[in-house]
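Undergrad: How does the following fold in three dimensions:
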Amino acid sequence: MTITQLVPPGIATSLGQRFALSAETLDSPVTPNAVFREWFAQQRRTNRYDVQRIPFSELVGWHFQDSTGNLVHESGRFFSVEGLRVRTEWQGRGASWSQPIINQPEIGILGIVVKEFDGVLHFLMQAKMEPGNIETVELSPTVQATRSNYTGVHKGNAVHYIEYFRPPRVSSKVLYDSLQSEQGSWFLRKRNRNMVVEAIGDVPEHEDFVWLTLGQIHQLLQQSNLVNMDARTVLSLIPSFAEDGPSLHSTEHLLNRLTEIKAMRELVQSTIPLSDVEQWQHTEYEIGHESGHHFTVIAASVSAANREVTSWTQPLLAPAEQGLAAFVVRRICGVPHLLAQARSEAGVLDVAELGPTVQCQPGRALTLPAAQQPRFLDLVLRAGPGQLLYDTVQSEEGGRFHHAGNRYALVEVGEEFPVDVPEEFLWVTPGQLTGLLRHSNYLNIEARTLLTGLGAVSALNGRYGR
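TA: Down below sits the predicted model:
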């Protein structure tokens, strides 16, 4: 067993060099790939859970409020399902609707502990069950916890390794730390704290956690439904691209464009009672749109083996179909650029965030008149294998969503694709997007997953930036 590209400790000194070395390290004696595969397969065999749909009346600790119809927890914590009325207007085109939405105002922690072994950074990853996961157990960050979780509101076991992320942090130093949004179509102004910290001294072992290099994780990102959403968003913070030359637009220009769009686009959000949401039907087992599109709210009974709490009931949001999120990728003067879209979603915090070129539920999108379908959807759907730099199905957050998955794709186009694009689209380099992640509410979570996927593709092709 050898470590690819291994160098003596201390040779890689800058933070970028240290992560680059970890990305180049495709196998490790700390956790060899073969050992990881067996460990992970055992986790999926052993740590099963049973999820059963139940009527809303069998939820324990949850109830519909008499005055509003909102679905809330008796503690007043965790989250609630409420109603939201939305009105938008942009360039003379307007829309309005109402819908259920998850309101979870508390900010949780999504964090990864890293530590050097033989001069190479390794990431402490967890095999974690979530009730809505497509594949039961998925690879998650070291810590994935709401404030209710890590402050003990759920009255369960303590969250492992939380002390590395909460003050006074005597055993770690912070490398990356920013507040990032979650699904704007399903959450109301939801954010989590995304962190990468480096451990100081020894880290206690736990059977549900494993040390992997960034290169090993990049290989796992090529597989569907293995690395969970929370891990992908934290990984997106790590710069991973070698810039080949100048960008089409300066970062200052991009910020100006996005600010202008936010200032000129109208997005009015008003919380309303869930019972006042129009065109949504409430039955004994679900709340769903009369068209059958979008999503449903369901109730579930969950029994799990190794969670902080081993059995509980809760609401879950179940999308009507698999989604699609794709970036168009084009070289401009030899430099790879991504075509980002300034997207306004129902629950977004600050009018608009940069998202993928195409982001939709394709089945529903194709039922719309051609003029209302997402731009460039046909191009993405027609893309052949030679154009697809990255193409996997990845699950979304399994703690709130039931079997929610998106097809994530990076579609390469040639010079026939125009540089001049509609006003709500922006050509950006991967490095520019990563730089924006030092701050909050610039990139939506689907864009961050694709950025992580592109980092994996770049690293495995020997183009990881130092």
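
Undergrad: Only C-alpha atoms, please: export stretch 17-32 in PDB.
TA: The C-alpha atoms that make up stretch 17-32 are tabulated as PDB, following Å, rounded to 0.1, in the frame of the first residue of the first chain:
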ATOM      1  CA  GLN A  17      -0.700  23.100  -1.200                       C
ATOM      2  CA  ARG A  18      -1.800  21.000   1.800                       C
ATOM      3  CA  PHE A  19      -5.300  20.400   0.300                       C
ATOM      4  CA  ALA A  20      -3.800  19.900  -3.200                       C
ATOM      5  CA  LEU A  21      -1.600  17.100  -1.800                       C
ATOM      6  CA  SER A  22      -4.600  15.500  -0.100                       C
ATOM      7  CA  ALA A  23      -6.500  15.700  -3.400                       C
ATOM      8  CA  GLU A  24      -3.700  14.000  -5.200                       C
ATOM      9  CA  THR A  25      -3.600  11.200  -2.600                       C
ATOM     10  CA  LEU A  26      -6.000   8.600  -4.000                       C
ATOM     11  CA  ASP A  27      -5.300   5.900  -1.500                       C
ATOM     12  CA  SER A  28      -4.000   5.900   2.100                       C
ATOM     13  CA  PRO A  29      -2.600   3.400   4.600                       C
ATOM     14  CA  VAL A  30      -4.600   5.200   7.300                       C
ATOM     15  CA  THR A  31      -7.800   3.900   5.600                       C
ATOM     16  CA  PRO A  32      -7.000   1.900   2.500                       C
END
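
Undergrad: Please spell out which residues along that stretch are buried.
TA: Within stretch 17-32, the residues that count as buried by 16 or more other CB atoms under 10 Å are 18-28, 30-31. Any C-beta I mention is one placed from the backbone N, CA and C, and that applies to glycine too.

Undergrad: Which two of these have the greatest separation?
TA: Taking CB to CB as the measure, the buried residues of stretch 17-32 reach their widest spread between Ala20 and Thr31, a distance of 19.9 Å.

Undergrad: excluding its backbone neighbours, what's nearest Leu349?
TA: The spatially closest residue to Leu349, leaving aside those adjacent along the chain, is Arg189, at 4.4 Å (CB to CB, 6 or more residues apart in numbering).

Undergrad: got a pLDDT number for the one you found?
TA: At Arg189 the predicted local confidence, pLDDT, stands at 97.

Undergrad: next one: Ile3
TA: Value for Ile3, per-residue pLDDT: 39.

Undergrad: do Leu368 as well
TA: pLDDT recorded at Leu368 is 95.

Undergrad: Tell me how many other residues surround it.
TA: Residues lying near Leu368 (other CB atoms under 10 Å) number 12.

Undergrad: Next: Glu252.
TA: The burial count for Glu252: 8, using other CB under 10 Å.

Undergrad: Am I right that it sits in a helix?
TA: Yes. Glu252 forms part of a helix when assessed by DSSP: H, G, I helix; E, B strand; the rest coil.

Undergrad: Quick one: end-to-end distance for stretch 411-428.
TA: Stretch 411-428 has its terminal residues 15 Å apart, counting by CA to CA, to the nearest Å.

Undergrad: Kindly report the same for stretch 182-198.
TA: For stretch 182-198, the first and last residues are 25 Å from each other (CA to CA).

Undergrad: now that stretch, how far from the centre of its chain.
TA: 8 Å (CA atoms, centre = their mean, to the nearest Å).

Undergrad: hang on, the earlier thing: just name the closest of the buried residues of stretch 17-32 to Ala346, please.
TA: Closest approach between those and Ala346, by CB to CB: Phe19, at 35.3 Å.

Undergrad: The closest one in helix, strand or coil?
TA: helix.

Undergrad: For it, give its distance to Leu175.
TA: Counting by CB to CB, to the nearest Å, the gap from Phe19 to Leu175 is 9 Å.

Undergrad: Please apply the same query to Val159.
TA: The span separating Val159 from Leu175 equals 20 Å under the rule CB to CB.

Undergrad: Check which helices and strands the lowest-mean-pLDDT helix or strand in the chain sits against.
TA: For the chain, using mean pLDDT, DSSP states H and E, the weakest element among its helices and strands is helix 147-150, scoring a mean of 75. For helix 147-150, the helices and strands in contact under the criterion 3 or more CB pairs under 8 Å, 6 or more residues apart in numbering; DSSP states H and E are strand 108-117.

Undergrad: What is the strand it packs on packed up against?
TA: The elements that strand 108-117 packs onto, with contact taken as 3+ CB pairs under 8 Å, 6+ apart, are strand 120-129, strand 143-145, helix 147-150, strand 191-199, helix 229-235.

Undergrad: for the stretch 151-300 of the chain, what are the low-confidence residue spans?
TA: For the stretch 151-300 of the chain, applying pLDDT under 70 flags the ranges 152-156, 241-244.

Undergrad: Tell me which stretches of it form strands.
TA: If DSSP state E, counting those that start in this stretch is used as the criterion, the strands of the stretch 151-300 of the chain fall at 172-181, 191-199, 209-213, 266-272, 280-282, 286-289, 295-304.

Undergrad: sorry, back to before: reformat the helices and strands packed on strand 108-117 as CSV; add mean neighbour count and distance to Glu278.
TA: Compiled in CSV, the helices and strands packed on strand 108-117 are given as follows (neighbours: other CB atoms under 10 Å; distance: least, CB to CB, whole Å):
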stretch, mean neighbour count, distance to Glu278
strand 120-129, 24, 36
strand 143-145, 25, 35
helix 147-150, 19, 31
strand 191-199, 22, 28
helix 229-235, 27, 30
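
Undergrad: quick one: which of the ones you listed is nearest Glu260?
TA: When the helices and strands packed on strand 108-117 are ranked by distance to Glu260, counting by CB to CB, first place goes to strand 191-199 at 23.4 Å.

Undergrad: May I have the strands that pair with the closest one, each with its orientation?
TA: Looking at strand 191-199 with DSSP bridges, its partner strands are strand 108-117 (parallel), strand 172-181 (antiparallel).

Undergrad: and of the ones you listed, who's closest to Gly83?
TA: Taking CB to CB as the criterion, strand 172-181 is the member of the strands paired with strand 191-199 that comes nearest to Gly83, at 20.6 Å.

Undergrad: Can you check what angle separates that closest one from strand 120-129?
TA: Interaxial angle of strand 172-181 relative to strand 120-129 (axes from the mean of the first three to the mean of the last three CA atoms, to 10 degrees): 50 degrees.

Undergrad: Sort out which residues of strand 172-181 are buried, please.
TA: Ser172, Leu175, Tyr176, Ser178, Gln180, Ser181.

Undergrad: what do you get for stretch 417-424?
TA: By neighbour count, with 16+ other CB under 10 Å as the criterion, the buried positions of stretch 417-424 are Val421, Glu424.

Undergrad: Nothing else from me, thank you.
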